[in-house]
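Peer 1: Only the shape, not the letters, is given here:
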């Protein structure tokens, strides 16, 4: 070994970005790097390149801290590379081996409940192998299906995108109802309806759009939906329907027949997630005899840099900073959390929770936000508001754009 | 009749919004209304509600000019209602009948080359029926397939959306290449590649994304495309492919087998336009053995109010103003145009052209913007730049976000 003892005593911390990226995930990386440098300018940050696959394959590289990384604050995606990967017991041992080899005793991973489970498993495996390892999780998911935190960074930007996209797509359809009568808009969210519910952010009353919203939290009943859609279409001349991607039937089975498993390298398929609405659009068109178009909001929900929430950016940075502080405070087996202290004016504080309380546990949309008929309560919009509050300069309200406001009289 | 002679002598002008809406179409309506009021405060503006179908059905209503219509400047869609409709000779006569009944001798219609053909047909039919009628066209199309104008209002905002969306989707895929290797992104544009080509706006060199762009102007050759995609995937580990919706084979036939005709009320189908990329994604996945995802940029291209071009808004307003001036100048059978005087600093002036020179004629992407191999020349990005120039506050360049910039050394 060429390195002297000074070199060997430098604190080394590995950081990884897991699962799907978000539009503001790199803010957490930025906050983490800045705080590590502030706390110990001699510390070494090892980037895990390529998410869990990268950790298993030992793709760890030293991050050059001599440069400016302000670009991270405006760049979507995962600067270190992310990706999904199932982990075996053997993989865990391999990961610990890579860390041991490089004398890295601290690991920070940003991700959702699956990542927190991986954090916990790695920590346990390290103990089993008598390797000293601190593990800290940074919350990150557009689906917001993570327990013990008011919300997860990444969600607010995705929710803002959904709210704006659904409003614009609804106004567009209203203009085109001569030509197209029903639009099905599909959001992300996995098994949770947080994002689908965010489509109602601009909704001011029951008659407003989106007219119908179906969440995975409630059993999806096609005949009931057809009746509701027909009713709304007959009343308005058009109908905007939002569906979450993970709709289930009364027995809790996926409503749409599951396609091939998710893709990993070398396993060809074109089904990664979502896309169910196409089939639904066809069914509605056939049953109601109207033109129906399917719009999948797609990957832009998690990567649109042009509509991020400033609050989300700020909080993503803050959870990254806190992860560094927990490492330097010699803490382990924790996930950083956001605690809401007040709605209006909004106040939050950064906290943390034991990994065991969040690892692998899916958080669905809080029942308190749902009407008994599945509608989304105003309390949800009030909860959402401080996270995605609108820029008044680009805002228009539903009320002002009604055609009827243009009309003085029949000619 | 109750109205006196003063009432009868008030100038009445009808205005319609045709075809698909755009994010800034209502700016043209706003400019038109403002200018009419300035030129003749006693003039009556008759809104045609519901596009061509509305005109045929006689849905004309007086617009109340006593209110503020500033909301039109930030509201996507067509405030009067739009829609697509084939017009018969009998329909033309019906339309003239409705105008005659209301003593409306001036008609302004905003639309694309199909709408300009309808303008021309209505003007000819009026002459045939000895009804005095001025007809003026306002250019409007996200596809930019309209002759004799440097570009059409609506295009710039759609192009800005495509440029940003493709950049963000590309950065996202780069992050996820462990998991998903090829992303097919489909744009609007009908038979013209203007919008698909706009996806290269942020592209700085040949290796940059989007890696491959296929336009309807060039015959689409699947084996060639597979070879190119494999090459890029092997080189980068991932590949971003953009396709225009109207790809054709070597014989000029649609490459993807055409689905049902476009929907009109009561004719059920789920194929309105686009969606071809799904089939292509499946084929590539099978042939190359990698995970491929299809993203249709969809209707947000024409209605995203959160990413409009300010230049586009300004020009949309200006063509509306000019339409009013041409009416008051007793002109007819003209379409308003935008003439580019200089690229940098950008200067334009408003002009007009005979309807006959644009009616029903499709303008493809200018050949001067294409390399012989189908690549998009820098000259196109230079042409596009003043129309969609980026807000530096939300901009990131491709260069700065490369993973390699993060790395100091292997650990």
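Peer 2: Everything's here; your move. Since the model is a prediction, treat every value here as computed from it, not as a measurement.
Peer 1: quick one: the helices in chain A?
Peer 2: Taking DSSP state H as the test, the helices found in chain A are A:5-9, A:25-39, A:51-57, A:89-101, A:113-128, A:155-175, A:194-198, A:222-236, A:277-288, A:300-303, A:310-328, A:378-388.
Peer 1: Please work out the average pLDDT along the first one.
Peer 2: The average pLDDT within helix A:5-9 is 65.
Peer 1: And for the fourth one?
Peer 2: Computed over helix A:89-101, the mean pLDDT rounds to 98.
Peer 1: Now do it: everything it contacts.
Peer 2: The contact list for helix A:89-101 (CB atoms under 8 Å, 6 or more residues apart in numbering or on different chains) reads A:14, A:52, A:55-56, A:58, A:60, A:105, A:107, A:121-122, A:125-126, A:129, A:131, A:133. Using the backbone N, CA and C atoms, a C-beta is placed for each residue, glycine as well.
Peer 1: from those, which would you call buried?
Peer 2: For these, a burial check counting by 16 or more other CB atoms under 10 Å in any protein chain shown picks out A:14, A:52, A:55-56, A:58, A:60, A:105, A:107, A:121-122, A:125-126, A:133.
Peer 1: now, among those residues, which is nearest to residue B:37?
Peer 2: Using CB to CB, residue A:52 is the member of those that lies nearest residue B:37, at 63.4 Å.
Peer 1: Now do the same contact list for that closest one.
Peer 2: Neighbour list for residue A:52: A:16, A:18, A:83, A:84, A:85, A:87, A:91, A:118 [criterion: CB under 8 Å, 6+ apart].
Peer 1: again, but for residue A:21
Peer 2: Residue A:21 makes contact with A:76, A:77, A:78, A:82, A:302, A:303, B:172, B:175, B:176 under the criterion CB under 8 Å, 6+ apart.
Peer 1: The fourth one is in contact with residue B:173, isn't it?
Peer 2: No. Judged on CB atoms under 8 Å, residue A:82 makes no contact with residue B:173 at a distance of 11.1 Å.
Peer 1: which of the two has more neighbours?
Peer 2: More crowded of residue A:82 and residue B:173, by other CB atoms under 10 Å in any protein chain shown: residue A:82, with 33 against 27.
Peer 1: give me phi/psi at the more buried one?
Peer 2: Backbone torsions for residue A:82, taken as degrees, to the nearest 10, come to phi -120, psi -140.
Peer 1: how much space between it and residue A:154?
Peer 2: Residue A:82 sits 12 Å away from residue A:154, taking CB to CB, to the nearest Å as the criterion.
Peer 1: Just give the number of residues close to residue A:195.
Peer 2: 29.
Peer 1: Next, the contact list for the closest residue to it other than its chain neighbours, please.
Peer 2: Nearest non-adjacent residue to residue A:195, counting by CB to CB, 6 or more residues apart in numbering or on different chains: residue A:189, 4.1 Å away. Applying CB under 8 Å, 6+ apart to residue A:189 gives the contacts A:143, A:144, A:145, A:195, A:196, A:216, A:244, A:245, A:246.
Peer 1: If we use 6 Å, what do you get?
Peer 2: Residues in contact with residue A:189 (CB atoms under 6 Å, 6 or more residues apart in numbering or on different chains) are A:143, A:195, A:196, A:244, A:245.
Peer 1: and what of residue A:363?
Peer 2: A:145, A:146, A:147.
Peer 1: again, 7 Å this time
Peer 2: Listed by CB atoms under 7 Å, 6 or more residues apart in numbering or on different chains, the contact set of residue A:363 reads A:145, A:146, A:147, A:192.
Peer 1: Quick check: it vs residue A:349, distance?
Peer 2: In this view, residue A:363 and residue A:349 are 20 Å apart by CB to CB.
Peer 1: Same question for residue A:184.
Peer 2: 40 Å.
Peer 1: Now for residue A:99, how many residues are close by?
Peer 2: Count around residue A:99 with other CB under 10 Å applied: 24.
Peer 1: swap that for residue A:248, please
Peer 2: The tally of other residues near residue A:248 (other CB under 10 Å) stands at 18.
Peer 1: before we move on, back to that, who has more neighbours, residue A:184 and residue A:349?
Peer 2: residue A:184 (28 against 10).
Peer 1: Can you tell me what sits against stretch A:225-244?
Peer 2: With CB under 7 Å, 6+ apart as the criterion, stretch A:225-244 contacts A:166, A:170, A:173-174, A:177, A:181-187, A:189, A:193, A:195-196, A:199, A:209-216, A:277, A:280, A:284, A:287-288, A:290.
Peer 1: whoops, stretch A:342-360 was the one
Peer 2: By CB under 7 Å, 6+ apart, the residues outside stretch A:342-360 that reach it are A:113-114, A:116-117, A:119-120, A:137, A:146-148, A:150, A:315, A:318-319, A:322, A:326, A:333-341, A:382, A:386.
Peer 1: Which of those residues are buried, as a ChimeraX select command?
Peer 2: Remark: buried members of the contacts of stretch A:342-360, expressed as a ChimeraX selection using 16+ other CB under 10 Å:
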select /A:113,114,116,117,119,120,137,146,147,148,315,318,319,322,326,333,334,335,336,337,338,386
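Peer 1: tell me the pLDDT at residue A:283?
Peer 2: 91.
Peer 1: just for the stretch 101-250 of chain A, where's the confidence low?
Peer 2: Along the stretch 101-250 of chain A, no part satisfies pLDDT under 70.
Peer 1: For chain B, what is the nearest residue in it?
Peer 2: With CB to the nearest CB as the measure, residue A:178 is the residue of the stretch 101-250 of chain A nearest to chain B, at 3.4 Å.
Peer 1: What's the end-to-end length of stretch A:215-225?
Peer 2: Distance across stretch A:215-225, first residue to last, is 12 Å (CA to CA, to the nearest Å).
Peer 1: Same question for that stretch: list its buried residues.
Peer 2: By neighbour count with 16+ other CB under 10 Å, stretch A:215-225 contains the buried residues A:215, A:216, A:217, A:218, A:219, A:220, A:225.
Peer 1: now do stretch A:223-232
Peer 2: Buried residues in stretch A:223-232, defined by neighbour count with 16+ other CB under 10 Å: A:225, A:228, A:229, A:230, A:232.
Peer 1: Spell out which parts of the stretch 1-150 of chain A neighbour chain B.
Peer 2: Taking CB under 7 Å from any CB of the partner chain as the measure of proximity, the stretch 1-150 of chain A contacts chain B at A:20-21, A:46-47, A:49-51, A:53, A:60-64, A:71, A:74-84, A:102.
Peer 1: repeat that for 6 Å
Peer 2: Applying CB under 6 Å from any CB of the partner chain, one finds that the stretch 1-150 of chain A approaches chain B through A:21, A:46-47, A:50, A:53, A:60-64, A:71, A:74-78, A:81-84, A:102.
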